[in-house]
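Engineer: structure of the sequence below:
(chains A and B)
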Protein chains: 2
Amino acid sequence: MSQAPPRAGGLGEHTLARAALAYLAEPGDPVLGALLGIYEPAEVLAAIKADMLPGTGPGCGGSPASRKALERALGRWRVRLPALPSDEDIAGACREGIRLVGPGDPEWPSRLDRLGQARPYALWLRGNADLGFSCQRSVSVVGSRAATGYGTHVAGELAADLGERGWVIVSGGAYGIDAAAHRGALAAEAITIAVLACGVDYPYPAGHAELFSAIAAQGLIVSEWPPGRRPARMRFLIRNRTIAAMTSGTVIVEAGERSGALNTARHAADLGQPLMAVPGPVTSAQSAGCHRIIREWNASCVTRAADIIELLSPLNAPDALAPGGGLEPASSPVSGPPGPDSLPSRDDLDPNSARVLDALPTRGGAGTSTIAVDAGVDLDTVLRCLGRLAGYGFIERGDSGWRLRKRG
Amino acid sequence: MSQAPPRAGGLGEHTLARAALAYLAEPGDPVLGALLGIYEPAEVLAAIKADMLPGTGPGCGGSPASRKALERALGRWRVRLPALPSDEDIAGACREGIRLVGPGDPEWPSRLDRLGQARPYALWLRGNADLGFSCQRSVSVVGSRAATGYGTHVAGELAADLGERGWVIVSGGAYGIDAAAHRGALAAEAITIAVLACGVDYPYPAGHAELFSAIAAQGLIVSEWPPGRRPARMRFLIRNRTIAAMTSGTVIVEAGERSGALNTARHAADLGQPLMAVPGPVTSAQSAGCHRIIREWNASCVTRAADIIELLSPLNAPDALAPGGGLEPASSPVSGPPGPDSLPSRDDLDPNSARVLDALPTRGGAGTSTIAVDAGVDLDTVLRCLGRLAGYGFIERGDSGWRLRKRG
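Structural biologist: The predicted model follows:
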């Protein structure tokens, strides 16, 4: 999907309309997902405001059942119309340390498009890391809130080891395993991403306000719910699909038989994405879910970071042997990210990427059009090369634009 | 293979000759295994005694390399000729609470024939349980000698639970996991079988003399080495294939990366037999081997007796859906044993089996020819029906013959 020209606050028209839709409809609403598969976001938004859905007028066809579902959905969404902020207010929230990305934006993680109509309408972000590039070498590490000492120890160690090897740790910001995973990544000075089931400015659980500040400073807080939105039980389940879809693979560290982490695991399995679980004592109820998915869902039994990296390495990716699979932009939704030892050196780069790399400052930052001028390549090529270079760890996005990154 | 008429001590000619060969050659000797695939045991024995192997005389053909291997083997075996006991002495040892079974004997576990030329020459037994029928619903539970408290606890619980559900526990009689498995079965008043790498009268390890007495009283001590033979490092590895082959499936409870239990696991995997492992803390070196075989050898991750029984139940057996697979004699080498809930009632039996069952005493015991006369069926049919009835738990073999068994 190509993005329309920027409007309020530099946001694209589609992204602004998608943000407005996220205020009106619950993320994961299948009716809105289906509509967005047919119409532009701004068309859907305008139709809701006019109390007239596209395709629902008299004589427009469609089965009575689908018309009924559309009318019911319209009713649900219109209830929230009076509280819908203006485009300026939506953009205003984004100037206060929060930014908004939608499909088609450079920072949008293309893996999310595997969710099809169930993909998030838009994502609000807090923090400086680049979401799209962070997701390219990422692992979701999730598990029980009621974790044991064993579980939090293992989650922290795994996340730190993965972080040290250049992998981004994605989790849900909850107590227990999630928090241990985030903290392990922070300790390794790695990027970590908390995907919340409430607004990115809403500290839930409250006891994690400080942890969220640390995550925002070093990584990202992400949500498909607008700022200020509170968490709700159903929202955690909707959120879980995003955690599973945006990463290269999912690791369950501890999960009781009824843990919500198994819902994330189910999404990973349904997406055909590598699903892994850490075993534990068979005498521990908190490991029962892990053992069950190893036995029944064919989750891989992993015990250390090296096991996880091996499973996510390009040799295990389905298209590892396809032509060009090794150095294609890692944003391709089906190709796995490169392994830690397969990162190309500067000499391995294609001529355009090398030119873009030479145009980047070591400090501060440069915007894409500045880079395009300096490198002497067109804007589309700049964007593609930036993706490639960030995916391989050469560069990063700071507050003031793109810059070189120290390679470990 | 049909058994020749009984000779010294009621032993068949083939079994006596095989026992003599076990005195001369190490079990697992590939040259002897190959010879026994071609010649009768008594022929091979006579040839060794005459210093003239069958097929090795001048002008008999065969490649020079294989002739050389045969001559070298002949040299190895003849060294032990002076210490070879007479048939009477071999049979004499069998009267002192030890009995001897070979392929073709009714008590021989037909599963061992899956080993092909590597199957044991013969087996010495101590204890009253019937080996062939005990193996039909059996699980090998093995693991590290240097077990943790967690491992011995889990091994004991698993063995007791399996024993209570009518499964026979087979293990190696070693310290650690093996001993815990035997003890768990004994506590559940179940049959347990210790397969040793030394003579069945040789208490190794010495600290297990009392345990072996208890096992012999309630189950069986089994060895393919003659009475009096000492254990040796290589013998444990040779023994492991027998443990894997004689059971319905193998469970590894704890195993370090270099544990001998992984050798048993390898045999189970090579035989295409269900291989299972119990997970443990990833922080425990004694569980590392279990996790590795779950991840790399596709061992099933099991946490309780019910998991194991489910994997060994007939619905999971490869031929469960083959015609007649459900109630075929369980001695068929490829069919799995029946699950605990699938045991037939008396009404389900075929007419001959029902007749044989009616001919059996509740106390004491009856010999096969007495049963044949009482039931009015021929001896072959009696043997087949006895196998079926014992496999399904209707009958058992006591000191004085066959008798009805109380069904739990």
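Engineer: what does chain A put close to chain B?
Structural biologist: By C-beta under 8 Å from any C-beta of the partner chain, the residues of chain A that approach chain B are A:150, A:153-154, A:278-283, A:287-288, A:291, A:294-295, A:300-304, A:307. Quick note: C-beta positions are derived from backbone N, CA and C, even for glycine.
Engineer: can you tell me which of the residues you listed are in strands?
Structural biologist: With DSSP state E as the criterion, strands contain A:300, A:301 from among the residues of chain A next to chain B.
Engineer: residue of chain A nearest chain B, please.
Structural biologist: Taking C-beta to the nearest C-beta as the measure, chain A has residue A:279 as its residue closest to chain B, at 3.3 Å.
Engineer: can you list the low-confidence ranges for the stretch 251-400 of chain A?
Structural biologist: A:314-344 (pLDDT under 70).
Engineer: for it, which segments count as strands?
Structural biologist: For the stretch 251-400 of chain A, the strands defined by DSSP state E, counting those that start in this stretch cover A:275-277, A:300-301, A:395-398.
Engineer: just name the most buried of those.
Structural biologist: Highest mean neighbour count of the strands of the stretch 251-400 of chain A: strand A:275-277, a mean of 27 (counted as mean count of other C-beta atoms under 10 Å in any protein chain shown).
Engineer: run through who's touching that strand.
Structural biologist: With contact meaning C-beta atoms under 8 Å, 6 or more residues apart in numbering or on different chains, strand A:275-277 is reached by A:249-253, A:255, A:265, A:268-269, A:289-291, A:293-294, A:297-302, A:307-308, A:311.
Engineer: how about stretch A:392-408?
Structural biologist: By C-beta under 8 Å, 6+ apart, stretch A:392-408 touches A:107, A:128-130, A:133, A:166, A:330, A:338, A:343-344, A:346, A:357, A:360-368, A:370-371, A:386, A:389-390.
Engineer: quick check: PyMOL command selecting the buried ones in those residues.
Structural biologist: To isolate the buried members of the contacts of stretch A:392-408 in PyMOL, using 16 or more other C-beta atoms under 10 Å in any protein chain shown:
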select buried, chain A and resi 107+128+129+130+133+166+330+338+344+357+360+361+365+366+370+371+386+389+390
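Engineer: circling back: give me the buried entries from the contacts of strand A:275-277.
Structural biologist: A:249-253, A:255, A:265, A:268-269, A:289-291, A:293-294, A:299-302, A:307-308, A:311.
Engineer: nearest spatial neighbour of residue A:36, skipping sequence neighbours?
Structural biologist: Leaving out its chain neighbours, the residue that sits closest to residue A:36 by C-beta to C-beta, 6 or more residues apart in numbering or on different chains is residue A:44, at 6.4 Å.
Engineer: report pLDDT for the spatially most central residue of chain A.
Structural biologist: Taking C-alpha atoms, centre = their mean, the centroid of chain A lies closest to residue A:246, which sits 4.3 Å from it. Looking at residue A:246, its pLDDT is 97.
Engineer: contact partners for it?
Structural biologist: When contacts are counted by C-beta under 8 Å, 6+ apart, residue A:246 touches A:109, A:111, A:112, A:135, A:138, A:140, A:170, A:195.
Engineer: ok, so of the residues you listed, who is nearest residue B:91?
Structural biologist: Compare each of the contacts of residue A:246 with residue B:91 using C-beta to C-beta and the shortest gap goes to residue A:140, at 68.1 Å.
Engineer: so who does that closest one touch?
Structural biologist: Applying C-beta under 8 Å, 6+ apart, we find residue A:140 in contact with A:169, A:170, A:171, A:243, A:244, A:246, A:247, A:249, A:250, A:251, A:264, A:268.
Engineer: in helices only, show me those.
Structural biologist: In this view, the contacts of residue A:140 that belong to helices under DSSP state H are A:243, A:244, A:246, A:264, A:268.
Engineer: picking that back up, what is the neighbour count of the closest residue to the residue of chain A closest to chain B other than its chain neighbours?
Structural biologist: Leaving aside its sequence neighbours, residue A:279 sits nearest to residue B:279 (C-beta to C-beta, 6+ apart; 3.3 Å). If you count neighbours by other C-beta atoms under 10 Å in any protein chain shown, residue B:279 ends up with 27.
Engineer: hmm, residue B:279 is touching residue B:288, no?
Structural biologist: No: using C-beta atoms under 8 Å as the test, residue B:279 is too far from residue B:288 to be in contact (10.7 Å).
Engineer: isn't residue A:100 up against residue A:107?
Structural biologist: No: contact criterion C-beta under 8 Å: residue A:100 and residue A:107 do not qualify, at 9.8 Å.
Engineer: shared neighbours, those two?
Structural biologist: residue A:125.
Engineer: output the below-cut-off pLDDT ranges for the stretch 51-200 of chain A.
Structural biologist: In the predicted model, the stretch 51-200 of chain A carries pLDDT under 70 at residues A:55-62.
Engineer: residue A:297 touches residue A:262, doesn't it?
Structural biologist: No: judged on C-beta under 8 Å, residue A:297 makes no contact with residue A:262 at a distance of 9.0 Å.
Engineer: overlap of the contact sets of those two?
Structural biologist: Here residue A:297 and residue A:262 have no joint contacts, going by C-beta under 8 Å, 6+ apart.
Engineer: hmm, back to that, from the residues of chain A next to chain B, which land in helices?
Structural biologist: If you go by DSSP H, those have A:150, A:153, A:154, A:288, A:291, A:294, A:295, A:307 in helices.
Engineer: gap between the first one and residue B:120?
Structural biologist: Counting by C-beta to C-beta, to the nearest Å, the gap between residue A:150 and residue B:120 amounts to 43 Å.
Engineer: before we move on, what about residue A:368?
Structural biologist: Distance from residue A:368 to residue B:120, by C-beta to C-beta: 75 Å.
Engineer: returning to that earlier point: who has more neighbours, residue A:150 and residue B:120?
Structural biologist: In this view residue A:150 and residue B:120 are compared by other C-beta under 10 Å, and residue B:120 has more residues nearby, 29 against 19.
Engineer: any idea how far apart the tips of stretch A:364-373 sit?
Structural biologist: 17 Å (C-alpha to C-alpha, to the nearest Å).
Engineer: many thanks, have a good one.
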